[in-house]
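*Asks:* Quick one, structure for this:
(one chain, ligands or ions: 3)
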Amino acid sequence: MAVDLLLGLQWGDEGKGKIVDVLTKNYDIIARFQGGPNAGHTLEFDGIKHVLHTIPSGIFHKNATNIVGNGVVIDPVIFKKELDALKKFNLDIKSILLISRKAHLILPTHRLLDAASEASKGKAKIGSTLKGIGPTYMDKTGRNGMRIGDLELDNWKEKYRALANKHEAMIDFYNVDIQYDLKELEEQFCNAVEELKQLTFIDSEEYLYQAQKQGKKILAEGAQGSLLDIDFGTYPYVTSSNTTAAGACTGLGVAPNQIGDVKGIFKAYATRVGSGPFPTELFDEVGETMGRVGNEFGATTGRPRRCGWLDLVALKYAVRVNGVTELMMMKGDVLSGFKTLKVATAYTYKGKEIMHLPYNIEAENVSPVYKEMDGWAEDLTQMTKVEEFPKALNNYIDFLEKELEVPIKIVSVGPDRTQTIHR
Ligand code: GDP
Ligand code: IMO
Ligand code: MG
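*Replies:* Ligands and ions are numbered 1, 2, ... in the order given. Okay, here's the model as predicted:
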C-alpha cells in the first residue's frame, strides 16, 4: 500500500491541520515526518478550535494511529502541554500516539541558543519561532543530538548534562543579553521527560514497513511549507528541515517508490510569518483586509502574518519539487468582496521577464507580473457544493488548474471541518 503525502506549498499555515483532520477518516495511520513545535496546526469541529504543534492532526479520530516520525524534533515541555490540552477529550493516548525512538529532543538550551543566535543577527534575524528548531537540527546533523531512544537508557541525564554544558559555552560565545534560569528550565524539562516516557516509543520505520505490508493506509503530514524548505526554500529565511516530499522519505523511512498521492495544499492568496523575501507581499489596505478577514495570526507565536497575492511562479516551483498529484485550495472565502484579484504569473528579473524562481527573489531583484481577474462578492462560507460557486470563483480555480497542470480536488470555504468542498 502506497504512502500518501500532504504538504504545504507556500510559507506554511496553508491549513494542513484542517485537511489532515478531514482526510483521517480515509486512513489508518497519520505520521508527522519533520519539523517540531514551530508548527501550529489548527483544527475546528463541533465549535471547538484546537491547535496542535507536534502531535499529528489525526489525533481526534478513533480509527487512526498517529505517529511522530524520526524526522521530527520534540520538545518534551511543549509536548506535555499538548497532552494536557488533549486530556479533556478522553483519548487513549498510549495506544493511538506512537513516537519514533529516532526522533531528536529539543533541550531547554536549544531554545536558548535559538534566542541567542537570533539576537546576535540583529536586523538580519530569521524571525524564528524561538522553539530551538535550528540548534536541534544542527546537533542532529552534527551527530551530537539526543534522541527519544536515549531516554530509555539509565544514564540519559549524563548525556543531557554533557550536551547542555556545551550549549552553555556556546550561549556565552554569542555574547548577547539573554536572561534565563537554567535550573528552573531543567526541572521543567525533567518533569516533562518523565511524562513523555509514559508514552509508547517505537522503531517507527519498522512499524510503518509492517503496516504497509498489511495494507494499512498511511498519510504523511508535513509541517511548514515548501518555501521554508532548508534546500529549496528562500534560504537563509527557512526552517531547518526538508519540508518537501523527499523529507517524508527520510523523516519516516519510507522508500521513494512507496509514495502514492502527493496532496499539495495552498491558500487562495499568500502569507508569510517571520523574515525573508515575499515578492507578492501587500503593504496596503488590501493586504490588511486579507489579514483581518483571514485572521492571519501565527498559531504558534501569535505574530501577524504578512499577506499578499497568490504567486503562481512560486506555486509552480513547489508543485514540481514535490511532484504534486492533487491540489487543495484553502481560504477562498477570505477573498470574497475584492472587486479585482491579482495572481503573479511571472517575475521581472534583471530587466527580463522570467517564469521560474531565481536564486535571489529579494524585492530589489524581483518584481511580480500580475494577471488581473474578477473577484466574487458572494459569501462562500455556507456553501456545501461546487454547483453553488459563483462564476468568478470557478474562473479563478480553472485558471489555476490550467497553469499548475494539477487538479484542485478540495476547495475549503471556512475553518470548520464541514466547510470543505470536494470537486
Ligand atoms: P497549518 O499550519 O497549515 O495547519 O495552518 P494553520 O492552522 O497555522 O493556519 C490556518 C488557519 O486558517 C487556521 O486558523 C485555520 O483554522 C484557518 N482555516 C483553514 N482553512 C480555512 C478556510 O478555508 N477558510 C478560513 N477562513 N479559514 C481557514
Ligand atoms: P506550520 O506547520 C509558518 C517560519 C518562522 C521563521 C522560519 C524559521 O504551522 O505551517 P524556525 O522556528 O523553524 O527556525 O523558523 O520559519 N516557520 C513557520 N511559518 N508556519 C509554520 O509551521 C512555521 N514554522 C516555522 O516564522 O520565519
Ligand atoms: Mg500553522
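
*Asks:* contact partners of the worst-scoring helix or strand of the chain on mean pLDDT?
*Replies:* When the helices and strands of the chain are scored by mean pLDDT, DSSP states H and E, strand 352-354 comes last with a mean of 94. Outside strand 352-354, the residues that touch it by CB atoms under 8 Å, 6 or more residues apart in numbering are V313, A346, Y347, T348, V369. C-beta coordinates here come from the backbone N, C-alpha and C atoms, glycine included.

*Asks:* sec struct for the second one, please.
*Replies:* Assigned with DSSP: H, G, I helix; E, B strand; the rest coil, A346 falls in the strand class.

*Asks:* ok so, going back, just how off-centre is the least confident helix or strand of the chain within its chain?
*Replies:* How far strand 352-354 lies from its chain's middle: 31 Å, per CA atoms, centre = their mean, to the nearest Å.

*Asks:* residues making contact with the host helix or strand of C307?
*Replies:* C307 belongs to strand 306-308 when assigned by DSSP states H and E. Defining contact as CB under 8 Å, 6+ apart, one finds that strand 306-308 is touched by 269-273, 278-282, 287-288, 290-291, 294, 296.

*Asks:* and the residues you listed near ligand 1, which?
*Replies:* Near ligand 1, judged by CB under 6 Å from any ligand atom, the entries from the contacts of strand 306-308 are G294.

*Asks:* Let me know the closest of the contacts of strand 306-308 to ligand 3.
*Replies:* Distance to ligand 3, by CB to the ion, is smallest for V273 among the contacts of strand 306-308, at 8.5 Å.

*Asks:* what sits against the closest one?
*Replies:* Contacts of V273 (CB under 8 Å, 6+ apart): W11, G12, D13, G127, G298, T301, R303, P304, R305, R306.

*Asks:* do A164 as well
*Replies:* L107, P108, T109, L182, E186.

*Asks:* Show me how to select, in PyMOL, the buried members of those.
*Replies:* Only the buried entries of the contacts of A164 go into this PyMOL selection, using 16 or more other CB atoms under 10 Å:
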select buried, resi 107+108+109+186
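
*Asks:* Which ones among the contacts of A164 lie within helices?
*Replies:* Among these, DSSP state H puts P108, T109, L182, E186 in helices.

*Asks:* Was I right to think the third one contacts T109?
*Replies:* Translated: L182. Yes - the pair L182 / T109 is scored as a contact, 7.4 Å apart, by CB atoms under 8 Å.

*Asks:* what residues are shared contacts of these two?
*Replies:* Here L182 and T109 share the contacting residues A164, E168, scored by CB under 8 Å, 6+ apart.

*Asks:* Adding pLDDT, write the ones in helices among the contacts of A164 out as TSV.
*Replies:* Output for the ones in helices among the contacts of A164, formatted as TSV (pLDDT from 0 to 100):
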residue	pLDDT
P108	98
T109	98
L182	95
E186	97
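
*Asks:* just checking, next helix/strand downstream of the least confident helix or strand of the chain?
*Replies:* strand 366-374.

*Asks:* Show residues contacting the very next helix or strand once past that following strand.
*Replies:* Proceeding N to C from strand 366-374, the next assigned helix or strand is helix 391-404, under DSSP H and E. Applying CB under 8 Å, 6+ apart, the external contacts of helix 391-404 come out as 268, 310, 312, 315-316, 319, 324, 327, 329, 332, 341, 343, 345, 371, 373-376, 378, 380, 389, 407-408, 411, 423.

*Asks:* Type out the ChimeraX command that picks the buried ones from the contacts of strand 352-354.
*Replies:* Buried residues within these, by 16+ other CB under 10 Å, are selected in ChimeraX with:
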select :313,346,347
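
*Asks:* how about the contacts of strand 352-354, which pair is most distant?
*Replies:* In the contacts of strand 352-354, two members sit farther apart than any others by CB to CB. They are V313 and T348, at 11.1 Å.

*Asks:* what residues are shared contacts of the two?
*Replies:* Here V313 and T348 have I354, P368 as joint contacts, going by CB under 8 Å, 6+ apart.

*Asks:* Quick one: neighbours of the residue of the stretch 101-250 of the chain found nearest ligand 1, just the number.
*Replies:* Closest to ligand 1 within the stretch 101-250 of the chain is A223: 7.2 Å, counting by CB to the nearest ligand atom. Using other CB atoms under 10 Å, A223 has 30 other residues around it.

*Asks:* Which residues are in contact with the nearest residue to it once chain neighbours are set aside?
*Replies:* Once flanking residues are discounted, A223 sits nearest to G35: 3.3 Å by CB to CB, 6 or more residues apart in numbering. Contacts of G35 were listed using CB under 8 Å, 6+ apart, and they are V72, V73, I133, G222, A223, Q224, T239, S241, T243.

*Asks:* if we go to 7 Å?
*Replies:* G35 makes contact with V72, A223, Q224, T239, S241 under the criterion CB atoms under 7 Å, 6 or more residues apart in numbering.

*Asks:* host element of Y160?
*Replies:* Using DSSP H and E, the element containing Y160 is helix 156-174.

*Asks:* next one: that helix to chain centre, how far?
*Replies:* Put simply, helix 156-174 sits 29 Å off its chain's centre (CA atoms, centre = their mean).
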